[in-house]
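> I need the structure of the sequence given here:
(one chain, ligands or ions: 1)
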Amino acid sequence: MENFEFHGPSTLDQALAAMGAAEDGKFMAGGQSLLPVMKLELAAPSDVISLAGIEALRGIEADGTTVTIGSAVTHAEVHESEAVRQAIPALADMAGGIGDPQVRNRGTIGGAVAHADPAADYPAALVGLGATVVTDRREISAEDFFQGMFDTPLEDDEIITAVRFPVPERAAYAKFANQASGYAIAGVMVASGDAGIRVAVTGAGSCVFRVTAMEEALAADFSAAALQGIAVDSGDLISEPDASAEYRAHLVSVMARRAVEACG
Ligand SMILES: Cc1cc2nc3c(=O)[nH]c(=O)nc-3n(C[C@H](O)[C@H](O)[C@H](O)COP(=O)(O)OP(=O)(O)OC[C@H]3O[C@@H](n4cnc5c(N)ncnc54)[C@H](O)[C@@H]3O)c2cc1C
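Alright, predicted model coming up:
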């Protein structure tokens, strides 16, 4: 790992000022994705600006119709939050299935969303639930946010401050995980509410995507049986030695049916 300058700001303004003055700065939240990338020397920032000490990025607020989670809230905190569990139990359950206890205690919702790993769980949760990504300068709908593999519209100096979720009528997430890492080989969030009926898939493709055919079938009949015979095209999916595209397509159908059943 290359040497870098470490900054520990306690306000957003200080973080933005440090980034503005840096030659090639990077924000760091939990470090669970950034540090491995730096150790592999795939990134060598001149300055690492920690967001962990910024109080404004912490906290969870629920008002009956929305749940707003500060970007520096860890996966463990989302999992253990009574407010999240009451409003969106599928989200609390999903966060509890990320990685392992060390990852959940350090990794944050903001870091996971900014990193936009195609196998991460949060992209399916955000798109499936119709969430909004809030930054220090704008609001971006989840569907506009995840643009491709590790690709988002975030500017280099832009900070995610929170993620806002509408409370669904019902929702559930089902994941077939990589046994070593916990990352999704295929993960499906099914939700219905003001954002309509949504089926969002992570892990299987190069970016989270919705399955319109499944959404239409569920609109007519919200049951696992309604999804029988509906499959995603394996030609659009990732193929790797441990999971072929055809296998992932099969898993998407199975996970979607499990998620619908779990919606109750
Ligand atoms: C062993 C292991 C297993 C894992 N398993 C899973 C899994 O099963 N499911 C899953 O979804 N994820 C998994 N992860 C990833 C984990 O969830 C990470 O926590 C997450 O991807 C990054 O969050 P972080 O807070 O650590 O971000 P960091 O590593 O600190 O940052 C990641 C990137 O986001 C940027 N960033 C961070 N915060 C912000 C912000 N507020 N605004 C703008 N940019 C920001 C950073 O500059 C960096 O580019 C795993 C990771 C590991 C190491």
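> sort out which residues of stretch 225-239 are buried, please.
Residues of stretch 225-239 classed as buried under the neighbour-count rule (16 or more other Cβ atoms under 10 Å) are 226, 227, 230, 232, 234, 237, 238. From N, CA and C alone the C-beta is placed, and that goes for glycine too.
> show me the residues you listed that map onto strands.
Among the buried residues of stretch 225-239, DSSP state E puts none in strands.
> tell me the one of those residues nearest residue 89?
Each of the buried residues of stretch 225-239 was scored against residue 89 by Cβ to Cβ, and residue 227 proved nearest at 21.5 Å.
> just to be sure, residue 215 is in a helix?
Yes. Assignment of residue 215 by DSSP: H, G, I helix; E, B strand; the rest coil places it within a helix.
> ok, the residue most central in space within the chain - contacts?
With the centre of the chain defined as its mean C-alpha position, the nearest residue by Cα atoms, centre = their mean is residue 122, 1.8 Å away. With contacts defined as Cβ atoms under 8 Å, 6 or more residues apart in numbering, residue 122 is in contact with 94, 109, 112, 113.
> distance of residue 10 from the ligand?
Applying Cβ to the nearest ligand atom, to the nearest Å, the value for residue 10 to the ligand is 15 Å.
> can you tell me the SS state at that residue?
coil.
> what about the closest residue to it other than its chain neighbours, distance to residue 162?
If the residues on either side of it in the chain are set aside, residue 10 comes closest to residue 53, at 5.0 Å by Cβ to Cβ, 6 or more residues apart in numbering. Residue 53 sits 17 Å away from residue 162, going by Cβ to Cβ, to the nearest Å.
> more neighbours, the two?
With neighbours defined as other Cβ atoms under 10 Å, residue 53 and residue 162 compare such that residue 162 has more, 23 against 15.
> that one should be in a strand, yeah?
Yes. In this structure, residue 162 lies within a strand as judged by three-state DSSP.
> show me the beta-bridge partners of it.
Here residue 162 sits in beta bridges with residue 70, residue 134, going by DSSP bridges.
> right, and it touches residue 71 too?
Yes. Here residue 162 lies in contact with residue 71, judged by Cβ atoms under 8 Å, at a distance of 5.8 Å.
> quickly list what's touching both of these two.
Listed contacts common to residue 162 and residue 71 are 57, 110; contacts here mean Cβ under 8 Å, 6+ apart.
> ramachandran coordinates for the nearest residue to residue 195 once chain neighbours are set aside?
Nearest residue to residue 195, sequence neighbours excluded (Cβ to Cβ, 6+ apart): residue 130, at 2.9 Å. The phi and psi values for residue 130, taken as degrees, to the nearest 10, are phi 70, psi 40.
> neighbours around residue 130, how many?
By the other Cβ under 10 Å criterion, the neighbourhood of residue 130 contains 20 residues.
> quick one: it from residue 103, how far?
According to Cβ to Cβ, residue 130 stands 26 Å off from residue 103.
> domain parsing for this protein?
Using automatic domain parsing, the domains assigned to the chain come out as 5-50, 58-263.
> turn these into a markdown table, columns for mean pLDDT.
Listed next are those as a markdown table, based on pLDDT from 0 to 100:
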| stretch | mean pLDDT |
| --- | --- |
| domain 5-50 | 97 |
| domain 58-263 | 97 |
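> winner for burial among those?
Among the domains of the chain, domain 58-263 has the highest mean neighbour count (mean count of other Cβ atoms under 10 Å), at a mean of 20.
> please name every helix or strand in contact with the longest helix along the chain.
With residue count as the measure and DSSP state H as the assignment, the chain has helix 245-263 as its longest helix. For helix 245-263, the contact count by 3 or more Cβ pairs under 8 Å, 6 or more residues apart in numbering; DSSP states H and E identifies strand 170-177, strand 184-193, strand 196-202 as packing neighbours.
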